[in-house]
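> the sequence isn't on hand, but the structure is:
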């Protein structure tokens, strides 16, 4: 085994040289390698992915692959899920360990445990509250849910997960994204006055005992830094200019944006809906910039216009950390017999996390 190659040897390479190295490594590794690419990934990297999708789709693909190496062009929690669902039998690699998720970082195990302990002073959460974590969260939070009768959800199946949760316990603690939780529950008929926001920076979440007892949904004070950029005024301005236009938004947007939209859905739903559009339609899309730009190019030949919702550029900056240089460095090391940036979830965490993920797939596939 040769000495591991250093990232410094690749950081100054231009994208063309990286492309050549990536293509060569893919040929040499063959079926031993699968590169997964999330829809929010930059095009320079996305084009090298053999399998693409949103977080739920990629989780399924990771579980199904027989490849020895899974190189995940996404963010940290996605690579963790790939390791969990493949039972550690695959070598999962994240090209840049700095590729995280600001939303996922808004909830950590210490904060959630503190919340659970404070709830325990008011009611019996293990009897009354189902903890639900969005898949955009760390593995130990998925494990927390698995250990407390809880479950994981994605933007695709959040409604089915909440229906299951409310059928067994009267309340839900939903983290880390308050907007997905609120939008989904509101569509299910849960009144807004029965949803409260748990501010993890304040004692007892900043809530009174009565508020906690009355609430059906306890929403974590978290959000996506990209989707919070979209505002109702963006939709109002679009409709003035394009009265026949259509608006589609991701459920990580705030309630007002989703209520003003014609369609709300996951990244896969957004792609499917716009791809099925009739010629001549004009769409305003409220989700990450790379996906919207790619979709706009795909739909031009069909005479369909796709417009990014915000007048300001707002891409997923942490996803953007995975670049051709890091991908080339990762693959060249694998060719040389070295593994860099392997993501490995300890089995003590992976087992209950896997239980929560499996439960999700069984009740809301």
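Sure, I can see it. Note that the structure is predicted; figures quoted are calculated from it, not measured. Numbers count the residues shown, from 1 in each chain.

> okay, which residue is most central for the protein?
residue 136 (4.4 Å; CA atoms, centre = their mean).

> check whether that one sits in a helix, strand or coil.
State at residue 136, reduced to three classes by DSSP: H, G, I helix; E, B strand; the rest coil: coil.

> got the contact list for it?
When contacts are counted by CB atoms under 8 Å, 6 or more residues apart in numbering, residue 136 is found next to 55, 77, 101, 103, 104, 176, 177, 224. All C-beta atoms are positioned from the backbone trio N, CA, C, and that covers glycine.

> how close does it get to residue 222?
When distance is defined by CB to CB, to the nearest Å, residue 136 is 9 Å away from residue 222.

> so residue 55 touches residue 81, yeah?
Yes: counting by CB atoms under 8 Å, residue 55 does reach residue 81; the two are 7.3 Å apart.

> give me the common contacts of those two.
residue 135.

> identify the residues contacting residue 269.
156, 263.

> mind checking how far it is from residue 122?
37 Å.

> next: residue 91.
45 Å.

> give me the more crowded residue out of these two.
residue 91 (19 against 15; other CB atoms under 10 Å).

> and the lowest-mean-pLDDT helix or strand in the chain, what does it pack against?
Least confident helix or strand of the chain, by mean pLDDT, DSSP states H and E, is helix 102-105 with a mean of 78. Packed against helix 102-105, as judged by 3 or more CB pairs under 8 Å, 6 or more residues apart in numbering; DSSP states H and E, are no other helices or strands.

> do that again at 10 Å, thanks
Counting contacts by 3 or more CB pairs under 10 Å, 6 or more residues apart in numbering; DSSP states H and E, helix 102-105 packs against helix 76-85, strand 129-134, helix 178-187.

> please, where are all the strands along this protein?
33-38, 51-53, 69-73, 91-93, 129-134, 151-153, 171-175, 195-198, 217-220, 246-249, 263-264, 282-286, 305-308 (DSSP state E).

> buried sites along the biggest helix by length in the chain?
As assigned by DSSP state H, the longest helix anywhere in the chain is helix 347-363. Neighbour-count burial for helix 347-363 flags 349, 350, 352, 353, 354, 355, 356, 357, 359, 360, 363 (criterion: 16 or more other CB atoms under 10 Å).

> quick one, it and strand 129-134 angle?
With axes from the mean of the first three to the mean of the last three CA atoms, to 10 degrees as the basis, helix 347-363 and strand 129-134 are set at 90 degrees to each other.

> what's the average pLDDT for helix 347-363?
Mean per-residue pLDDT for helix 347-363: 94.

> that one to helix 76-85, inter-axis angle?
Going by the same axes, to 10 degrees, helix 347-363 makes 90 degrees with helix 76-85.

> coming back round to it: return the most buried member of the strands of the chain.
Mean neighbour count (mean count of other CB atoms under 10 Å) peaks for strand 151-153 among these, with a mean of 29.

> now do it: which elements does it pack against?
Using 3+ CB pairs under 10 Å, 6+ apart: strand 151-153 touches helix 55-64, strand 129-134, helix 139-147, helix 158-168, helix 178-187, helix 347-363.

> pull up the pairing partners for it, direction included.
Within its sheet, strand 151-153 is paired with strand 129-134 (parallel), according to DSSP bridges.

> so how far is the partner strand from its chain's centroid?
Relative to its chain's centre, strand 129-134 lies at 16 Å (CA atoms, centre = their mean, to the nearest Å).

> how far off helix 158-168 does it point, in degrees?
Using the same axes, to 10 degrees: strand 129-134 against helix 158-168 is 170 degrees.

> please begin residue numbering at 39 from this point
Happy to do that; since the first residue is 39 now, the last one works out to strand 167-172.

> run through this structure and note the low-pLDDT ranges.
39-40, 138, 351-358 (pLDDT under 70).

> kindly report the domain assignment for it.
Using automatic domain parsing, the domain ranges for the chain come out as 45-138+356-384, 142-262, 265-346.

> how far does the second one stretch from start to finish?
Using CA to CA, to the nearest Å, the end-to-end distance of domain 142-262 comes out at 9 Å.

> equivalent analysis for the first one, please.
This stretch, domain 45-138+356-384, spans 26 Å end to end (CA to CA).

> re earlier: same list, the contacts of residue 174, but as TSV with neighbour count and distance to residue 186 please.
TSV is the format used below for the contacts of residue 174 (neighbours: other CB atoms under 10 Å; distance: CB to CB, whole Å):
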residue	neighbour count	distance to residue 186
93	23	22
115	23	19
139	21	22
141	29	21
142	26	19
214	29	16
215	29	19
262	25	25
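
> now the two most distant members of those.
The largest distance within these, taken as CB to CB, falls between 93 and 214 and amounts to 13.7 Å.

> anything in contact with each of those two?
Shared contacts of residue 93 and residue 214 (CB atoms under 10 Å, 6 or more residues apart in numbering): 172, 174.

> which residue, other than its chain neighbours, is closest to residue 202?
Ranked by CB to CB, 6 or more residues apart in numbering and with sequence neighbours excluded, the top spatial neighbour of residue 202 is residue 401, at 4.3 Å.

> let me fix that, I meant to ask about residue 294.
residue 270 (4.5 Å).

> same question, residue 301
With CB to CB, 6+ apart as the measure, residue 286 is the residue that lies nearest to residue 301, at 4.2 Å, once sequence neighbours are left out.
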